[in-house]
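Q: quick one, fold the following:
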Amino acid sequence: MKKLIVLFLFLSIYSSFSQASLTTTYESVLGFRINLGETWSKTSKHDLFSKLKEVKNLKTKHIFDLDIDNCFHKASNNDNGFPYFIVKTIYKTSKYEDEYGKAMEELQKFISQKSEIQKSNIDIKDTSDINIEVGKYYRESTMKVILNPVDIGRDAKGDLMVIMGLYFGKNASFMVIYCDYKNEYSSDKGKISRIFSSVKDISSIMITREYLETHNKATQFYNDGVKSSNSEDAVKLFTRAIETYPKEDSVFIASSFYNRAISKKQLREIDLNDIVEDYTNSIEYDPFHYQSYTNRGYIKFHKNDCYGAIDDFEKTIKFDNYISYFSPIAIGNKGLAMLTLRQDGCPYLKEAIDLGNQKVIEIYKNNCEKK
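A: Residues are numbered from 1 along each chain as shown. From the prediction side, this is the model:
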């Protein structure tokens with residue numbers, strides 16, 4: 001399996017959410033809370049990104065390239081696949097150098113100097129009677145909020161738009177992005193406005209400093225593990241990262257387990273069961289960690305647990321959703337596992353090849369092409 005490791009930025013943010021009484025609430029340790037209301041639930045960002053692949057001439061693509069905190073989807077009676085909310089917290093301070101923090105400072109300067117924004121003060125607590133026009137900025141001064149509606153393109157079902165909400169708090173900035181069809185927003189903008197207006201800055205400077213200190217220490221261990229050319233040292237560094245990360249840093253802990261498993265695999269004396277356990281722990285901390293499903297499934301397959309392997313490969317396909325090269329790998333591996341079980345895995349091998357997986361070409365020729 002190709003090694004997939006990403007260097008974490010310092011000051012990355014943890015996120016938590018709750019769904020008591022069908023009300024979804026997102027909270028960040030750096031000081032923001034947003035209530036999304038009923039029927040919203042956390043989902044993989046790849047679910048949204050896969051739908052955006054169908055948009056012709058997608059505008060503002062850079063918005064969706066952000067390393068976001070969380071993605072939420074609203075269940076709906078219609079089957080159009082939207083709407084979504086995505087959220088990102090951006091730490092800003094003079095002590096640390098952070099590209100997002102700098103961008104937020106520049107944006108604040110831009111907003112304070114732009115006269116048309118200053119003139120467009122609105123009360124976003126109820127915009128149901130206000131015609132929010134695409135391409136304009138709307139400012140709510142008491143909450144230090146900027147709303148910016150943008151057309152992003154059209155897919156087979158209609159015109160899509162996003163509304164970006166930027167909130168400037170004591171210790172951080174907060175970005176909330178709503179994505180939906182324009183006609184759906186028009187009929188539901190009162191509820192959407194209330195979600196934007198529900199954002200609160202509840203920051204605690206002491207909690208923030210304590211969290212950041214621990215988080216940054218763990219991230220240093222993680223990044224040193226990534227850079228290490230010695231697998232044994234890397235295992236030790238990823239272990240220290242796992243032990244140091246605050247419990248709220250579930251995504252980072254998941255990636256630490258994942259990369260520790262990869263490093264362990266390079267140490268031949270390590271038991272495969274130990275490696276599988278690391279992948280399983282990664283999945284427990286981040287149920288959407290499709291890379292761990294792929295690698296765990298690969299080991300299960302070689303231990304003759306074909307049914308367990310197929311289940312993991314299907315999870316990869318579901319959560320990656322054809323975004324990365326892990327999907328064609330998982331599809332090919334699923335086909336191979338099915339052939340091993342004397343099932344028809346040829347369609348999956350063919351699909352994997354069509355998606356660029358060259359490693360299963362010979363297997364397909366030997367098992368699927370008519371002699």
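
Q: residue 33 - that's part of a helix, no?
A: No: counting by DSSP: H, G, I helix; E, B strand; the rest coil, residue 33 is not found in a helix; it is strand.

Q: that one bridge partners, please.
A: residue 27, residue 200 (DSSP bridges).

Q: I'd guessed it sits against residue 202; true?
A: Yes: with contact defined as C-beta atoms under 8 Å, residue 33 and residue 202 form a contacting pair (5.5 Å). Bear in mind the C-beta positions are built from the backbone N, C-alpha and C, glycine included.

Q: overlap of the contact sets of these two?
A: residue 27 (C-beta atoms under 8 Å, 6 or more residues apart in numbering).

Q: which residues of the chain fall in helices?
A: Applying DSSP state H to the chain gives helices spanning 45-52, 61-64, 99-113, 115-118, 182-197, 205-227, 231-244, 250-265, 272-285, 290-302, 306-320, 326-340, 346-354, 361-367.

Q: those: which one's closest to residue 156?
A: With C-beta to C-beta as the measure, helix 45-52 is the member of those nearest residue 156 (10.8 Å).

Q: could I get the CA-only coordinates of the closest one as PDB?
A: C-alpha atoms of helix 45-52 as PDB (Å, rounded to 0.1, in the frame of the first residue of the first chain):
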ATOM      1  CA  LYS A  45     -16.600  16.000   3.800                       C
ATOM      2  CA  HIS A  46     -15.900  13.600   0.900                       C
ATOM      3  CA  ASP A  47     -19.700  13.100   0.600                       C
ATOM      4  CA  LEU A  48     -20.100  16.800  -0.300                       C
ATOM      5  CA  PHE A  49     -16.900  16.900  -2.500                       C
ATOM      6  CA  SER A  50     -18.100  14.000  -4.600                       C
ATOM      7  CA  LYS A  51     -21.300  15.800  -5.400                       C
ATOM      8  CA  LEU A  52     -19.400  19.000  -6.300                       C
END
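
Q: output the contacting helices and strands for that helix.
A: Packing contacts for helix 45-52, counted by 3 or more C-beta pairs under 8 Å, 6 or more residues apart in numbering; DSSP states H and E, involve helix 61-64, strand 70-74, strand 84-91.

Q: how does the chain divide into domains?
A: By the assignment in automatic domain parsing, the chain contains the domains 15-203, 207-367.

Q: point out the most buried one among those.
A: Per-stretch averages of neighbours, counted by mean count of other C-beta atoms under 10 Å, single out domain 207-367 among those, with a mean of 19.

Q: quick one: mean pLDDT over that domain.
A: Here domain 207-367 scores 92 as its mean pLDDT.
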